[in-house]
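Colleague: just a sequence and a predicted model for now, questions to come.
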Amino acid sequence: MSEQHPGIAAVILAAGASTRLGKPKQLIRIENESLLRRTVRLALESGCAPVFVVLGYEAERMRTELDGLGAIIVVNEQWAEGMGSSLRRGMEAVLAMEPQPAGVMLLVCDQPELTVNLLGRLRTQHGASETRITASGYADRAGVPAIFGREFFAELIAVEGDRGAREVIRRHADRVSTIPWPEGEIDLDEPDDLARLQEP
């Protein structure tokens, strides 16, 4: 387990229906573990506490994947409105914490190359940085997983539509530090992406 850095909560956005992929990406299995469970486990192993998981599409089916992990499940009944609504529900849970954490790590569950090492590096750099947003660098941009300091919570909860946290990262580019993670470009949006992942 990575060194503990207190004060960072995690929000994992896992509410979508994966319509382009044709099957729920949350339930795709790698080494006999679903991507959903794997992402939550890695967030916990990195020392984030608490870990909130935002479910929506087939929430009860997804919930069984998380048995025994100790994550806090948040159900977004408006998940079809897009990622912004799930981010809002997750941030509402964070803002209800007392005391509030110093930061929040945002993750999605369709990055099969995610590792606890990356999450630990993000946390270490965030703790040593004055920039206050620490993001993963891939595909010539900064993206998730990313850690946002408390001063960005109000902006994160205000994101609307199908936009995620990337617009907040863009808006504050001068306050972002990145850790190179070229594997972050590998996600699971289309059937071809899944076929490449499952190649021997």
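Modeller: Happy to help now that I have it.
Colleague: isn't Ala49 right up against Ala9?
Modeller: Yes - between Ala49 and Ala9 there is a contact under C-beta atoms under 8 Å: 6.8 Å. For the C-beta atoms, the positions are set from N, CA and C on the backbone; glycine is no exception.
Colleague: looking at these two, which has the bigger crowd around it?
Modeller: Counted by other C-beta atoms under 10 Å, Ala49 and Ala9 do not tie: Ala9 has more neighbours, with 24 against 15.
Colleague: pretty sure that one contacts Val94?
Modeller: Yes - counting by C-beta under 8 Å, Val94 is a contact partner of Ala9 at 5.4 Å.
Colleague: shared neighbours of the two, which are they?
Modeller: Phe52, Pro101, Val104 (C-beta atoms under 8 Å, 6 or more residues apart in numbering).
Colleague: lowest pLDDT pick from those?
Modeller: The lowest pLDDT within these belongs to Pro101, with 94.
Colleague: low-confidence stretches in this structure?
Modeller: Regions of the chain meeting the criterion pLDDT under 70 cover residues 1-6, 18-23, 188-200.
Colleague: how about 50 then?
Modeller: 1-6 (pLDDT under 50).
Colleague: okay, helices next: where are they in it?
Modeller: Secondary structure of the chain (DSSP state H): helices at 35-45, 59-63, 83-95, 116-128, 153-157, 166-171, 191-197.
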